[in-house]
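Novice: this one's structure only:
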């Protein structure tokens, strides 16, 4: 959140915000900040570790963004979620606190058409959960935007599919019941595919969080960066 640096720091502002929101809901609802994947993610995480009210940290990689996001933001800003997540997880490991603050990864998950494989990889790199936005909008709600050709009208109420519009002439094109059915189908299929990946690892009832020895990549530099196996 915007802050007045002469009064308090950004870290203090985030801590106060989390505490205030936790108090507002009687400490019954988990509250955590969501940030873009940048070099400051580690500093934010270290502050959350010391915050008794923080429930986790959500990190959005460089591929994250709505259909209204501009190309300059999508293509030239932020860090890849895999490397940013890995840095944060290894930082927690060094402190012996990797089970205290859940990391939630997002940003372009499933954009290559394999949501389960992307999610499994991020979980093995240290994510306790993944968050998905555009992929669900595209598969369940029929969003016509893609990674190559975005509409850039989500925020002005003229969405051609009626998803982000309050205009009855437009939103009547959307069938909420059909969207709900496709949403359920998407998550059921995702669950089945994810189990196929993690069950052979002996994790049919729990997630292989941080189990990076199960990962391998043919790019030597990426393997070194993520500290996983290099596979020729």
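Specialist: Arrived safely, thanks for sending. Given the structure is predicted, the values throughout are model-derived calculations rather than measurements. Residues are numbered from 1 along each chain as shown.
Novice: Please pull out the lowest mean pLDDT helix or strand from the chain.
Specialist: helix 71-76 (a mean of 72; mean pLDDT, DSSP states H and E).
Novice: helices or strands next to it in the packing?
Specialist: Here helix 71-76 touches no other helix or strand, going by 3 or more CB pairs under 8 Å, 6 or more residues apart in numbering; DSSP states H and E. No exception for glycine: its C-beta is placed from N, CA and C like everyone else's.
Novice: And the spatially most distant residue from the centre of the chain, how far from residue 186?
Specialist: Most distant residue from the mean C-alpha position of the chain: residue 169, 33.2 Å away (CA atoms, centre = their mean). Separation of residue 169 from residue 186 (CB to CB, to the nearest Å): 28 Å.
Novice: swap in residue 112?
Specialist: Distance check for residue 112 against residue 186: by CB to CB, it reads 16 Å.
Novice: and what of residue 166?
Specialist: As judged by CB to CB, residue 166 and residue 186 stand 25 Å apart.
Novice: Low-confidence bits of the chain, can you list those?
Specialist: 1-10, 65-69, 146-149 (pLDDT under 70).
Novice: which residues of it fall in strands?
Specialist: Using DSSP state E, the strands of the chain run over residues 34-36, 57-60, 103-106, 129-131, 216-217, 229-230.
Novice: Go through the ones you listed and pick out the most buried.
Specialist: strand 103-106 (a mean of 25; mean count of other CB atoms under 10 Å).
Novice: Run through who's touching it.
Specialist: Strand 103-106 is contacted by residues 32, 34, 45, 56-61, 64, 81, 85, 88-89, 92, 122, 125-133 when judged by CB atoms under 8 Å, 6 or more residues apart in numbering.
Novice: Report the separation between residue 140 and residue 79.
Specialist: 28 Å.
Novice: Then residue 120?
Specialist: Remark: distance between residue 120 and residue 79 (CB to CB) = 21 Å.
Novice: Settle it for me: which of these two has more neighbours?
Specialist: Under the criterion of other CB atoms under 10 Å, the comparison of residue 120 against residue 79 puts residue 120 first, with 26 against 19.
Novice: OK, contacts around the more buried one?
Specialist: 194, 197-198, 208.
Novice: If we use 7 Å, what do you get?
Specialist: Residue 120 makes contacts with 194, 197-198, as judged by CB atoms under 7 Å, 6 or more residues apart in numbering.
Novice: Same question for residue 142.
Specialist: residue 161.
Novice: tell me the phi and psi of it?
Specialist: Main-chain torsions, residue 142, degrees, to the nearest 10: phi 80, psi 20.
Novice: between the contacts of residue 120, which has the most around it?
Specialist: residue 198 (21 neighbours).
Novice: How many residues are close by the closest residue to residue 167 other than its chain neighbours?
Specialist: Once flanking residues are discounted, residue 167 sits nearest to residue 157: 6.1 Å by CB to CB, 6 or more residues apart in numbering. Residues lying near residue 157 (other CB under 10 Å) number 12.
Novice: Appreciated, that's everything.
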